[in-house]
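**Student:** After the sequence you'll find the predicted model.
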Amino acid sequence: MIGDEGAAAAVLVPVIGAGGSGLARLLAGGRHVRLLVAGNPPPGVAMPPAEGFERFVQVVWPGQVGPIVADALRLPFYEAVFDRALVTTPLPRLAAKASLREIWRVLAPAGLAVFVVKARRPWQGTGWSRKGLEAVLGEAMFEVLDWQVAAVPDRWHLVLVGKRDGLRPAMIGRVDAVESLVGAT
C-alpha cells in the first residue's frame, strides 16, 4: 500500500510532476478527511483513491455521467461537511461566482480546494485567463495558495485555494488555564 504522500503524488504526477507541490496536499487523504470531487477529471488527471479518505463523494452536473447528479447552485449537502474539494467540472462564466460560493458553502472552515479549470490562450475564445479566474475566486471568498498551468493535453489552470472565512480556531481547554498564563486582571 502506498502511504498518504505517495498516493497524492501518484495521482498528480501526470499533471504536475513528482515535486512537493502544494497541490499534492489536497489529495493526501487521511483517516479524518472528507473529500468532495465535483465533475469528471480531464484526460491526464487521475481520480484520487476513495479508500484514502473518511468520506469520498463525487458529484457531476446535469449532462455529465457520474454517481450523483446535482445542480451546481444547490449541492445536496449540509454546510461545512467537506474538508477538501477537487473541482474539475467546467466553470460557466455566467454562474461562476454562484457555483464557487456553493463549493465554499460545503467546505469546512480552513477547507482546501483544487480547481482544475480550462485555460484560455489569447487566440481562443473559451476557457479562463489567470486574471479573470483570480478575480472570480476572490469574489467567491477563496484565497489562492498555489497556481500552476499544465498541459494534459490541453492547457489547464491548477489552483489550490483556501476558504477565506475570517474564522479563528475555537478555544479548546479550560478558560481559567489560559487566564493563569496571561495573568489575572
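**Tutor:** Structure received.
**Student:** Just give me how far stretch 88-97 sits from the chain centre.
**Tutor:** 14 Å (CA atoms, centre = their mean, to the nearest Å).
**Student:** Just the buried positions in that stretch, please.
**Tutor:** By 16 or more other CB atoms under 10 Å, the buried positions in stretch 88-97 come out as 88, 89, 90, 91, 96, 97. Where you see a C-beta, it was placed from the backbone N, CA and C, and this is true even at glycine.
**Student:** among those residues, which are in helices?
**Tutor:** 96, 97 (DSSP state H).
**Student:** for residue 115, which residues make a bridge with it?
**Tutor:** residue 87, residue 159 (DSSP bridges).
**Student:** ok, how many other residues are close to it?
**Tutor:** 25 (other CB atoms under 10 Å).
**Student:** What segments of this structure are strands?
**Tutor:** 30-38, 53-60, 68-69, 82-87, 107-118, 142-151, 155-163 (DSSP state E).
**Student:** Name the stretch among those strands that sits most buried.
**Tutor:** Counting by mean count of other CB atoms under 10 Å, strand 82-87 has the highest mean neighbour count of these, with a mean of 23.
**Student:** Rounded mean pLDDT for that one, please.
**Tutor:** The pLDDT scores in strand 82-87 average 91.
**Student:** what does it contact?
**Tutor:** For strand 82-87, the surrounding residues in contact (CB atoms under 8 Å, 6 or more residues apart in numbering) are 26-27, 32-39, 41, 48, 55, 57, 103, 106-108, 111-116.
**Student:** ok, back up a step: now, among the buried residues of stretch 88-97, which is nearest to residue 159?
**Tutor:** residue 91 (10.7 Å; CB to CB).
**Student:** Could you find the closest non-adjacent residue to residue 76?
**Tutor:** Setting aside the residues directly before and after it, residue 76 is nearest to residue 70 in space (CB to CB, 6 or more residues apart in numbering), at 5.5 Å.
**Student:** residues touching the one you found, list them.
**Tutor:** Residue 70 neighbours (CB under 8 Å, 6+ apart): 59, 60, 61, 76.
**Student:** Could you do residue 57 as well?
**Tutor:** 34, 35, 36, 37, 68, 77, 82.
**Student:** Point out the least confident one among those.
**Tutor:** For these, the least confident entry is residue 68, with 82.
**Student:** mind listing what it touches?
**Tutor:** 57, 58, 59, 60, 76.
**Student:** do you know how far residue 165 is from residue 142?
**Tutor:** 10 Å (CB to CB, to the nearest Å).
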